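**Q** Provided below for reference: sequence and predicted model.
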Amino acid sequence: MSIKQQIRPVLNRTNVILGIFAVLLLMLLAWGIVTGNIVAATLSGAGLALVIVAFGTVNLVPDNMQAQATERTLSIASETLKTCRNGLTPEAAEKICSLLLPETDAVGIAVTDTKTVLAYQGVYEVSYPAGSPNSPTTLEVLESKRMETFVSMDESNQSVKRSGITRKDGATAFGIVTPLLVQDKPVGTIKLYYRSGTDIDRTQLAIAKGLGELLSTQLSSYELDRQAELTARAEVKALQAQINPHFLFNTLNTIASLTRTNPTKARDLLREFAVFYRRSLENSESSLIPLSSELEQTRRYLLIEKARFGEDRIIEHEYVEEGCSSLMVPAFLVQPIVENSVRHAMREEGPLHIDIHVATDGDDVLVAVADDGLGMTQEAADRLLEAATKPSSGQGGTGIALKNVADRIERFFGEGSGVEIVSKPGEGTCVTLRLGGAVFALHNEDSE
């Protein structure tokens, strides 16, 4: 029950008693004036003044009531945000109805999408229950994107609208239909039902409008998150498209060669290759994965490359600070950087050493991939980094891989995140990924 509903009965009884006293005092005042009884007139006038003061006092909501109402409003906003986390679904609509119905004077509430009624709760059996197509009035609101009322004052011109919502028992229900808008596009409505048109006053209109704006804001937040996730997945798929043909061709050639010289190794490599690709597909559908899974996938990639070049041509080491393995990171964070080392840093002869370091640095987590390969001038490294951090670099190969990694780091870890490249010809290259504020994410995961 809302704060307003809790205090209303008490206020009503008090107002009735004060009204009776006011009438009696007015009668006494009139009698005193007519008869010239100054004492009676004075006392009745003083008493009437006290009644007026008392009336004003009891109708003011105490500060603690206002504080409770504010706290309740914030709580509702928080709960609806959690509820709308997965969009406007029937389950979410059912929870929304349960949350919002007690906060109004309505006797029923429904939530719809653009086609059907998703949920309804209330005392009436309405003609458009959950699962039924939207009513003509709801479709009109979706088209106009404006709040509409039924047998009540219209919000814009205060004129009476003679349309109603028919109940199953033949009687007429009265209500308000408010559109839910995401980026000015209607995605549904919230409908409030009342016992009579007189129950729909300016307060109820304001409440309905406020609830519609609240849910629209929460749904807009969900849509932004969804679009960001779709963008991240598209970038991962673009990265896969750039990596896969090259890697696929070379790996299949290696397996084909091994089937003649070492069938057992060919079988083992084929099994690892299948696992590698299955994990790649699974990870492309996930926003975040544990860092330990990303490193495991990187080791699997190197195992396949060692089969191609020879076991002694690639030597890798991992140095992961305790507690960092559980950090949730974007998929394809480390493996593309390691692949660049294999593709561009390896010499004609001799081993290529690749070291992967993961450590905390204040509030950040650093992931560094260092090799002792061919390297490049620092000017070339700076140009590569600049291209990777531009809105659209138009590069391929190393450029697109690095740009995808840089973009996703910034999206998921925000301000303070980025990529650094240090290189020297003949000595190697080190690519460092700074994950801004990632230590806080680690602490949150530990607390959960």
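**A** Thanks, I have the structure now.
**Q** next up, the contacts around the closest residue to D312 other than its chain neighbours.
**A** Counting by CB to CB, 6 or more residues apart in numbering, P351 is the residue found nearest to D312 once chain neighbours are left out, at 5.9 Å. (Each C-beta comes from the backbone N, C-alpha and C, glycine too.) Shown in contact with P351 (CB atoms under 8 Å, 6 or more residues apart in numbering): D312, R313, I314, I315.
**Q** can you tell me which of these are in helices?
**A** Counting by DSSP state H, no part of the contacts of P351 is found in helices.
**Q** who wins on neighbours among those residues?
**A** Counting neighbours by other CB atoms under 10 Å, I314 comes out on top of the contacts of P351 with 21 neighbours.
**Q** nearest spatial neighbour of V422, skipping sequence neighbours?
**A** Per CB to CB, 6+ apart, closest to V422 is C430, 4.9 Å.
**Q** isn't there a strand covering the one you found?
**A** Yes. Going by DSSP: H, G, I helix; E, B strand; the rest coil, the assignment for C430 places it inside a strand.
**Q** and A93, how many neighbours does it have?
**A** Residues near A93, counting by other CB under 10 Å, number 26.
**Q** circling back: and the pLDDT at the residue nearest to D312?
**A** P351 carries a pLDDT score of 93 in this model.
**Q** same check on S163?
**A** 39.
**Q** ok, now which ones touch E349?
**A** Contacts of E349 (CB under 8 Å, 6+ apart): none.
**Q** now it: how far from A266?
**A** Distance, E349 to A266, using CB to CB, to the nearest Å: 26 Å.
**Q** equivalent analysis for L258, please.
**A** From L258 to A266 the distance is 4 Å (CB to CB).
**Q** now the terminal residues of stretch 434-441, how far apart.
**A** 14 Å (CA to CA, to the nearest Å).
**Q** now that stretch: average pLDDT?
**A** 87.
**Q** please enumerate residues in contact with that stretch?
**A** 327-329, 360-367, 409, 413-420.
**Q** check which element follows the helix or strand of the chain with the lowest mean pLDDT along the chain.
**A** Here the helix or strand of the chain ranked lowest by mean pLDDT, DSSP states H and E is strand 165-166, holding a mean of 40. Going down the chain from strand 165-166, the next helix or strand is strand 172-182, by DSSP states H and E.
**Q** buried ones in that following strand?
**A** For strand 172-182, the neighbour count (16 or more other CB atoms under 10 Å) marks A173, F174, G175, I176, V177, T178, P179, L180, L181, V182 as buried.
**Q** those into TSV, with extra columns for pLDDT and distance to E94?
**A** Conversion of those to TSV gives the following (pLDDT from 0 to 100; distance: CB to CB, whole Å):
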residue	pLDDT	distance to E94
A173	57	20
F174	80	23
G175	83	19
I176	87	20
V177	90	19
T178	89	18
P179	90	20
L180	88	16
L181	86	21
V182	81	20
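**Q** so which of those residues is the closest to R279?
**A** Using CB to CB, V182 comes nearest to R279 of these, at 34.7 Å.
**Q** any idea how far the closest one lies from G323?
**A** With CB to CB as the criterion, V182 and G323 are 39 Å apart.
**Q** next: L248.
**A** 36 Å.
**Q** now the strands for the stretch 251-400 of the chain?
**A** Remark: strands assigned in the stretch 251-400 of the chain by DSSP state E, counting those that start in this stretch are 289-290, 314-320, 328-329, 352-361, 364-371.
**Q** any stretches of the protein with poor pLDDT?
**A** 1-85, 150-173, 221-246, 283-287, 388-400, 443-448 (pLDDT under 70).
**Q** between the contacts of P351, which is nearest A274?
**A** Within these, distances to A274 taken as CB to CB reach their minimum at I314, with 21.1 Å.
**Q** and that closest one, how far is that from R308?
**A** I314 sits 9 Å away from R308, going by CB to CB.
**Q** tell me, how many residues neighbour K185?
**A** Burial measure for K185: 11 neighbouring residues, criterion other CB under 10 Å.
**Q** nope, F249 is what I was after
**A** Neighbours of F249 under the rule other CB under 10 Å: 10.
**Q** what helix or strand does it sit in?
**A** F249 belongs to helix 202-261, assigned by DSSP H and E.
**Q** helices of this protein, residue ranges please.
**A** Going by DSSP H, the chain shows helices at 3-35, 38-58, 63-83, 90-100, 136-144, 202-261, 263-284, 291-309, 335-344, 378-389, 398-413, 438-447.
**Q** return the list of helices and strands in contact with the fourth one.
**A** For helix 90-100, the helices and strands in contact under the criterion 3 or more CB pairs under 8 Å, 6 or more residues apart in numbering; DSSP states H and E are helix 63-83, strand 108-112, strand 117-122.
**Q** which residues does the last one contact?
**A** By CB under 8 Å, 6+ apart, the residues outside strand 117-122 that reach it are 88-90, 92-94, 96-98, 101, 106-112, 126, 128-134, 188, 193.
**Q** and these, which of them are buried?
**A** 88, 92-94, 96-97, 101, 106-112, 126, 128, 130, 134, 188, 193.
**Q** okay, now G310: neighbour count?
**A** Residues lying near G310 (other CB under 10 Å) number 10.
**Q** now swap in F440 and tell me
**A** 11.
**Q** same thing with R347?
**A** Neighbourhood size, R347 [other CB under 10 Å]: 12.
**Q** what residues are up against it?
**A** G373, L374.
**Q** where's it relative to E316, distance?
**A** 16 Å.
**Q** same thing with T254?
**A** In terms of CB to CB, T254 sits 18 Å off from E316.
**Q** then T298?
**A** In terms of CB to CB, T298 sits 8 Å off from E316.
**Q** out of those two, which sits in the busier spot?
**A** Of the pair T298 and E316, T298 is the one with more neighbours under other CB under 10 Å, namely 23 against 20.
**Q** list the residues that contact the nearest residue to the more buried one once chain neighbours are set aside.
**A** Distances taken as CB to CB, 6+ apart place Q335 nearest to T298, at 4.5 Å, with adjacent residues excluded. For Q335, the contact set (CB under 8 Å, 6+ apart) comprises E294, Q297, T298, Y301.
**Q** what's the spacing between the third one and L402?
**A** Taking CB to CB as the criterion, T298 is separated from L402 by 16 Å.
**Q** with that, I have no additional questions.
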